[in-house]
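S.K.: sequence plus the predicted model coming up.
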Amino acid sequence: MPNVLTLLHAAVERNPSQDALMWKEDGHYHKMTYDVLWQRAQSFAYGLKQLGVRPGGKVALLANNSPAWAIGDVGIMMAGAVSVPIYPTLTAAQIDFILQNADVEVILVETEELAEKVRSVATGLLHSIIVIEPNRIESPGVFDYPDFLAMGYEILQQTGPLTAWQEFPAEDLATIVHTSGTTGNPKGVMLTHQNLVANIEAMLSYIPIQSTDITLSYLPLSHILERTCGQFAVLTAGGTIAYAENLTTIAANILEVKPTLMVSVPRLFEKIYDGVQKNIQSSPKSKQQIFAWAVKVGQRHITAPNLFTSMLHPIFDRLVFSKIRDKMGGNIRLLVSGGAALALHVGQFLKMAGIPVAEGYGMTEASPVISTQPFDDIRLGTVGRPLVNVEVKLAEDGELLARGPSIMAGYYKNPEATAATFDEDGWLKTGDIAELHDGYLRIVERKKNILVLATGKNVAPFPIESAMQQSPYISQAVLFGDKRKYITALVVPDFQALTEWAVEEGISTLPTPDLLRHDKIKMLFQSEIDRLLADFAPFERPKKFTLLPRELTLEAGELTATMKVRTHVLQNEYKAEIEAMYAESTDSSANAKQPAY
């Protein structure tokens, strides 16, 4: 298939009356078929042409997931233009940078507020703004989405369907996707139609999506993981995409939609795991014992099954694990995890619960999937096999290198950064330290995240942070220690679990800052860290930790849209707390275990 549109049109032709999109409105889910999606995308494309958008022109999408996002995305491609997705949670300055960097001339926004934000920063750049929700802006160049579609539909009726898309070359630029900017300004990754098509087709050979599949879409479509895997791959296969209302309604929407598969970052799966653990902890002792037996048998059944586990596992599955599947709608056959590393214990738990997780690995520059678990051979603790059309190798320092038809064309208007991202032989430098065994990849750590202690020891933070987060009292943990004598940690408590524990200890009436400084709290967290990190080398364990008084948030700039921690932001925001953990250190106290609070 030469371009993304030919993939999608093939699905339209196979079953035009199949449900393509579902969305919640007026208290219930509505549906849109493939032929209607295609027709509205054609109308959108004609509307863009009426606004003067020419092939190669840049059109931005600044909205949450919705049918309008998908229609706009496909319509932009039909017009031969280049889509530029932008997270709606970004600040005005960040939005301005992307608009300027990508030379955007038209933008689709969700709300009047976003339209005003764009108008305040994009002076002299944009000539048209299309607003999805009703708005009160009366200004030349500002269009209501329904009116814009109607304008395009009228041209479609008069002129007939667009067909030029059938001849769009594979090397044409399809989209510019900006990196999350964990360090510095984001870079505009140029992905061609060939890049996307190669990634979609190769991924579907490992994860066979069916026309009967329904996925619940909640990750931002501005992120290439959701867009390639959760949108284009599902539509190519003829499946149905249901949109979650928002991040707070995912649990309820799952029960309404009853999805068969989902694409997610690990944070959702961690919350499912944590929710089960909290529910069990508050249950009667008899129920806790049954759960413990179920987990013990389940672990043995997925690692070394025998006649004993084969007999008992179905019983415990009915008593325990089926209840977990019911909370996921009862129809889940596969979860796809990407965007960050999945903790092994979470993957193991979901597998024993009959909810397999296919963890993958990639980056925006690779469209994004480099490797993923084949559906029929999932190996936990790895990120699967490289896609059939992607070559990988390890550099001398262990950095993973990749090349293939899904690797980006480069960074838009940034040849220096492009050159720095490829080696002299044209291999993409991923920046990740990896291992390759029996054809399966394991990611050790981000190369730039490796902490090199003043003693010369190297520490990979993720395994330690992941182990700490197995505590029911720890929501997030971030390690520090580069060029220092020892490791320290910023720890975000699980405030619900901590409050329940504080009630039992009779200290729950204290204000949060005083509670976090209480000796009993310090002892609780130290004992949890000691317990969970017992198998790590002494130099890998945090000698001191600081308890933070609130969760890390996207709004504060501490997390990316895919819930990755922006460590450099925390280093600045909590500079005083981090320095305090090193201020009193002496060689004689190097083995002391004293929390900062």
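M.R.: Good, I have the coordinates. Residues are numbered from 1 along each chain as shown.
S.K.: mind telling me what element P463 is part of?
M.R.: Take DSSP states H and E as the rule and P463 turns out to sit in helix 461-468.
S.K.: contact partners of that helix?
M.R.: 341, 343-344, 445, 449, 451, 474, 476-479, 487, 489, 491, 528-529, 532-533, 536, 540-542 (CB atoms under 8 Å, 6 or more residues apart in numbering). Every C-beta, even on glycine, is put in place using the N, C-alpha and C of the backbone.
S.K.: please flag which of those residues sit within strands.
M.R.: Counting by DSSP state E, the contacts of helix 461-468 place E445, L451, I474, Q476, A477, V478, L479, A489, V491 in strands.
S.K.: nearest to Q158, of the residues you listed?
M.R.: For the ones in strands among the contacts of helix 461-468, the closest approach to Q158 (CB to CB) belongs to Q476, at 56.3 Å.
S.K.: state the distance from the spatially closest residue to that closest one that is not a sequence neighbour to T546.
M.R.: Spatial nearest neighbour of Q476, chain neighbours left out: V492 (4.0 Å); criterion: CB to CB, 6 or more residues apart in numbering. As defined by CB to CB, to the nearest Å, V492 lies at a distance of 10 Å from T546.
S.K.: show me the contacts for I355.
M.R.: I324, R325, M328, I332, L335.
S.K.: including distance to V369, could those go into JSON lines?
M.R.: Shown next, in JSON lines, are the contacts of I355 (distance: CB to CB, whole Å):
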{"residue": "I324", "distance to V369": "27"}
{"residue": "R325", "distance to V369": "26"}
{"residue": "M328", "distance to V369": "23"}
{"residue": "I332", "distance to V369": "21"}
{"residue": "L335", "distance to V369": "15"}
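S.K.: so where's the stretch 251-400 of the chain shaky on pLDDT?
M.R.: Counting by pLDDT under 70, the stretch 251-400 of the chain shows no low-confidence range.
S.K.: I'd like the contacts of I355 written out as CSV, with distance to G75, secondary structure and neighbour count added.
M.R.: Output for those, formatted as CSV (distance: CB to CB, whole Å; DSSP: H, G, I helix; E, B strand; the rest coil; neighbours: other CB atoms under 10 Å):
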residue, distance to G75, secondary structure, neighbour count
I324, 40, helix, 21
R325, 38, helix, 16
M328, 33, coil, 21
I332, 32, coil, 22
L335, 30, strand, 22
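S.K.: farthest pair within those residues?
M.R.: Taking CB to CB, no two of the contacts of I355 sit farther apart than I324 and L335, at 12.3 Å.
S.K.: strands along the stretch 351-500 of the chain, start to end?
M.R.: 357-362, 369-372, 385-386, 391-394, 399-403, 410-411, 428-437, 440-446, 451-452, 458-459, 474-480, 488-493 (DSSP state E, counting those that start in this stretch).
S.K.: nearest to S43, out of the ones you listed?
M.R.: Comparing the strands of the stretch 351-500 of the chain by CB to CB, strand 369-372 comes nearest, at 31.4 Å.
S.K.: in the closest one, which residues are buried?
M.R.: V369, I370, S371, T372 (16 or more other CB atoms under 10 Å).
S.K.: which secondary structure elements does it contact?
M.R.: helix 193-206, strand 357-362, strand 385-386 (3 or more CB pairs under 8 Å, 6 or more residues apart in numbering; DSSP states H and E).
S.K.: possible to save the ones you listed as TSV with distance to I578 and mean neighbour count?
M.R.: Compiled in TSV, these are given as follows (distance: least, CB to CB, whole Å; neighbours: other CB atoms under 10 Å):
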stretch	distance to I578	mean neighbour count
helix 193-206	39	22
strand 357-362	30	26
strand 385-386	38	22
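S.K.: where does this protein have its least confident helix or strand?
M.R.: helix 266-281 (a mean of 87; mean pLDDT, DSSP states H and E).
S.K.: now it - C-alpha only, CSV.
M.R.: Listed next in CSV are the C-alpha coordinates belonging to helix 266-281 (Å, rounded to 0.1, in the frame of the first residue of the first chain):
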residue,chain,number,x,y,z
PRO,A,266,1.8,1.3,32.0
ARG,A,267,0.3,3.8,34.5
LEU,A,268,-3.2,2.5,33.8
PHE,A,269,-2.2,-1.1,34.4
GLU,A,270,-0.4,-0.1,37.6
LYS,A,271,-3.5,1.6,38.8
ILE,A,272,-5.5,-1.6,38.1
TYR,A,273,-3.0,-3.6,40.1
ASP,A,274,-2.9,-1.1,42.9
GLY,A,275,-6.7,-1.0,43.1
VAL,A,276,-6.9,-4.8,43.4
GLN,A,277,-4.3,-4.8,46.2
LYS,A,278,-6.1,-2.1,48.1
ASN,A,279,-9.4,-3.9,47.8
ILE,A,280,-7.8,-7.1,49.1
GLN,A,281,-6.2,-5.3,52.0
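S.K.: buried sites along it?
M.R.: P266, R267, L268, F269, E270, I272, Y273, D274, V276, Q277, I280.
S.K.: neighbours around S508, how many?
M.R.: 13 (other CB atoms under 10 Å).
S.K.: so what's it closest to, chain neighbours aside?
M.R.: A502 (4.1 Å).
S.K.: I figured that neighbour was touching L515, is that so?
M.R.: Yes - between A502 and L515 there is a contact at 6.2 Å, judged by CB atoms under 8 Å.
S.K.: what sits in contact with each of the two?
M.R.: With CB under 8 Å, 6+ apart, A502 and L515 have common neighbours S508, I521.
S.K.: so W38 versus V121, what's the distance?
M.R.: Taken as CB to CB, the span from W38 to V121 is 34 Å.
S.K.: settle it for me: which of those two has more neighbours?
M.R.: W38 (23 against 17).
S.K.: mind listing what the more buried one touches?
M.R.: By CB under 8 Å, 6+ apart, the neighbours of W38 are L8, H9, V12, P16, V74.
S.K.: buried only: go through those residues for me.
M.R.: In those, the ones that pass as buried (16+ other CB under 10 Å) are L8, H9, V12, V74.
S.K.: let me see the backbone angles for the first one.
M.R.: This points to L8. Main-chain dihedrals, L8, degrees, to the nearest 10: phi -70, psi -40.
S.K.: can you read off the pLDDT for it?
M.R.: We have a pLDDT of 97 for L8.
S.K.: count of neighbours near the closest residue to it other than its chain neighbours?
M.R.: Leaving aside its chain neighbours, L8 sits nearest to L235 (5.5 Å; criterion: CB to CB, 6+ apart). For L235, the neighbour count with other CB under 10 Å is 24.
S.K.: quick one on the thing from earlier: mind putting the buried residues of helix 266-281 into a markdown table with distance to G384?
M.R.: Compiled in a markdown table, the buried residues of helix 266-281 are given as follows (distance: CB to CB, whole Å):
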| residue | distance to G384 |
| --- | --- |
| P266 | 15 |
| R267 | 20 |
| L268 | 19 |
| F269 | 16 |
| E270 | 20 |
| I272 | 21 |
| Y273 | 21 |
| D274 | 25 |
| V276 | 25 |
| Q277 | 27 |
| I280 | 30 |
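S.K.: K483 contacts T455, correct?
M.R.: No - with contact defined as CB under 8 Å, K483 does not count as touching T455 (10.3 Å).
S.K.: give me the below-cutoff pLDDT ranges for the stretch 101-250 of the chain.
M.R.: 181-184.
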